[in-house]
Structure formats: structure tokens, C-alpha cells
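> Sequence first, then the predicted structure:
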Amino acid sequence: MKMSIHESKNIIEAKNVFKTYGDSATNAVSGVSFSVPYGVCFGMLGPNGAGKSTMMKMIYGVCLRDKKENSAIKVFGHDPGVNALPIRFLSGIVPQEDNLDEELNVEQNLKVFCKFYNIRGEQADKRIAELLSFMELSEKQHHGIKQLSGGMKRRLIIARALLNNPRLLILDEPTTGLDPQVRHLIWDKLRHLKRDGMTILLTTHYMDEAFQICDTVFIMDKGKRVAEGDPQELVDKHIESYVMEIYSKESFSIISKDVSEKCCRVDESGDAVRIYSGDYEKLREFSKHLGIKDFNLRQSNLEDLFLKITGSGLNAQQ
């Protein structure tokens, strides 16, 4: 018996997905498989060019996956390459680009989208007021789009994506280029939505964003899956607990002999050197030979994990 979308525990299921553009010999996405259960925040993490945005666009039907045997994408039980309309009706989509209509004001931008979902009259006015309040934009209701800051525009696009009370919210790098205060505000709103039971799928190349709001991270590099799991569990399992970042190789040379004798793992990236160890006191001992502005001693994080498994940072340009 075929399982209905209401019986399935997963809102998204991807199996052996490939995507190649034109005559390129390199796959933008190469054999990727994953599933997203209901009610979680699932984050796709990776440097620019890793394939995460391409994977996202295949999920909501903007681009088609390569036709290969045993390859499939299902969202709410539908194949987005064949029947994307039901997926979009049940989803809210926040694209990477700001695509608001600058000829309309804030309220009018939302009213246009209300019509797409047959939300009209007092119902539309009430929903718009609720969302502008939720995204802290009520005072901007009659402002033109050109009067809004970048952070306000992103919050308005998120409000627009929530008009239809979606079961799935898809965000493609929602906070790129925004200042930390606005990013934290958006994170707070996403946490609120998740507590209310909404499933969230997002792509990001910000390590702290994924760590703050994702239940599961799916790390991609060069079109392939390189790691998947709970952010903290991944760090605990695959990386030493502490790292000392030294900002120049000249400073590192002062302690390099001691580091070698203590058998710590060393990673050199550009001018910086990172020394990893499970022993905090060992790293603190090294730091006594350096100036206070020469290093940073901290706990390891997802950025360190990505450096270890791919050799490049999450913010790397590829």
C-alpha cells in the first residue's frame, strides 16, 4: 500500500539527486540523499558553490534534477519536477534575492500575494497586520520599499512567505549581508515558528546561524554530502574540544616546537594557524608565550569541523 503524505514521517525526501548545468563535467549536486521530518529546522551548510542553493531550487521546482535511475525528490509526497504547484501552495519561500515590487508599498506587496492564496478583504487585512506585527514592521506599513533597510526588506519577504500559514518554510540564505542585530531578530522569529510546529528548511554559510537554530545540519562541499547530524553532536564527535587561533605564522613560530612535542593537531590557513586539542590547559600553557592580541583560545565549532573535513572555511568563495 502506498503511504500518504499524512502517514509519512518526513515532509521532504531526497534520494540520489544529481544536477549538472549545461555541458559541465562537474555536478552542482552529486548523489545527494536526505530526509526532513515534520516540525524541525533542517539546515544546509556549505561554502558558496557547494550546491546547497541548487538543491533548494530543485526542492521547490525552480530547476529540475537530472534524470537518473533510483533518483527522486518528494515534498508532501509530490515530485517537484512534475507537480510543483501543491508544494508551493503548502510552502512559504524566501529566495536568496530581494524580489519585492518597488512600485508598491509594504502593505501592497503583501496584498498582491494574498490574492494568490485567495485571502481577501478583512481576512487579508487581519493577516497582514498580524505578520507585520510579528516581524516588527507595523510602523512601516505604508512605507515604500526603497525606504526600507536591507534587514527590513528581508523581514518583509519572510512575512510574505508566511501569508498562507505554510507547513514548510523554505529560506535560501535569509540573513546574508545583514548586521548582527537583524540576524538575531530573524533567528528569534524562526525559533518562534519552529516552536509552533512549522518545518523550516534553510541554506546558510553562516556557522553560527546553523548552530543557533538548526536541529540537523546537512553539510555539503562540491555538490556532495560530507556530514549530517545534530550540530553539537557533530562537533563533539569529529573535532577536538578546544582550539587556539594564532593570527600570524610569525607568532606561531614562537611555540611551534612545543606544539610539535605535545602532538597537537595543527591547521594552517592563510596567515592564521589553528592548534586543536582536547586538553584546554595544554593550549593555555602555549598562550603564556604569546601576546594577548596574538591569539584566541575558544571551544571548537562547526567552522572548525568544516575546515577539518573539507580543507576550506564555510565562508570560502569557490
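Done, it's in.

> which residues of the chain fall in strands?
10-19, 29-37, 41-45, 72-75, 91-94, 168-172, 199-204, 216-221, 224-229, 242-246, 265-269, 272-277, 295-299 (DSSP state E).

> I'd like to know which of those lies nearest to residue 148.
strand 91-94 (15.5 Å; CB to CB). Every residue, glycine included, has its C-beta placed from N, CA and C.

> want to throw the strands of the chain into a markdown table with distance to residue 137 and mean pLDDT?
As requested, those are arranged in a markdown table below (distance: least, CB to CB, whole Å; pLDDT from 0 to 100):
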| stretch | distance to residue 137 | mean pLDDT |
| --- | --- | --- |
| strand 10-19 | 28 | 96 |
| strand 29-37 | 29 | 96 |
| strand 41-45 | 23 | 95 |
| strand 72-75 | 29 | 97 |
| strand 91-94 | 15 | 95 |
| strand 168-172 | 17 | 95 |
| strand 199-204 | 20 | 94 |
| strand 216-221 | 29 | 93 |
| strand 224-229 | 35 | 94 |
| strand 242-246 | 38 | 95 |
| strand 265-269 | 40 | 88 |
| strand 272-277 | 40 | 94 |
| strand 295-299 | 36 | 95 |
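
> Select, out of those strands, the one closest to residue 235.
When those are compared for distance to residue 235 using CB to CB, the nearest one is strand 295-299, at 8.4 Å.

> what's the longest helix in the chain?
helix 180-195 (DSSP state H).

> Identify the residues contacting the residue lying closest to residue 210 once chain neighbours are set aside.
Leaving aside its chain neighbours, residue 210 sits nearest to residue 43 (4.4 Å; criterion: CB to CB, 6 or more residues apart in numbering). Listed by CB atoms under 8 Å, 6 or more residues apart in numbering, the contact partners of residue 43 are 201, 202, 203, 204, 209, 210, 213, 214, 216, 217, 218.

> And these, which is closest to residue 308?
Taking these together and measuring to residue 308 by CB to CB, the closest member is residue 217, at 14.8 Å.

> Please tell me how far the closest one sits from residue 132.
Here the criterion is CB to CB, to the nearest Å. By it, residue 217 lies 31 Å from residue 132.

> again with residue 215
Distance, residue 215 to residue 132, using CB to CB: 28 Å.

> So the two - more neighbours on which side?
Remark: of residue 215 and residue 132, residue 132 carries more neighbours, 20 against 16, as counted by other CB atoms under 10 Å.

> So for the closest residue to residue 211 other than its chain neighbours, what's the pLDDT?
Spatially, and ignoring its direct neighbours in sequence, residue 211 is nearest to residue 231 (4.8 Å; CB to CB, 6+ apart). Residue 231 is assigned 94 on the pLDDT scale.

> Quick one: residues contacting residue 231.
Residues near residue 231 by CB under 8 Å, 6+ apart: 210, 211, 214, 217, 302.

> Any idea how many residues pack against residue 167?
Count around residue 167 with other CB under 10 Å applied: 16.

> Buried ones in the lowest-mean-pLDDT helix or strand in the chain, by neighbour count?
The weakest-scoring helix or strand in the chain, judged by mean pLDDT, DSSP states H and E, is helix 302-310 (a mean of 86). When burial is assessed from 16 or more other CB atoms under 10 Å, helix 302-310 yields the following buried residues: 302, 303, 304, 305, 306, 307, 308, 310.

> Turn those into JSON lines, including distance to residue 36.
Shown next, in JSON lines, are the buried residues of helix 302-310 (distance: CB to CB, whole Å):
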{"residue": "302", "distance to residue 36": "19"}
{"residue": "303", "distance to residue 36": "24"}
{"residue": "304", "distance to residue 36": "26"}
{"residue": "305", "distance to residue 36": "21"}
{"residue": "306", "distance to residue 36": "21"}
{"residue": "307", "distance to residue 36": "26"}
{"residue": "308", "distance to residue 36": "26"}
{"residue": "310", "distance to residue 36": "23"}
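
> Lovely, talk soon.
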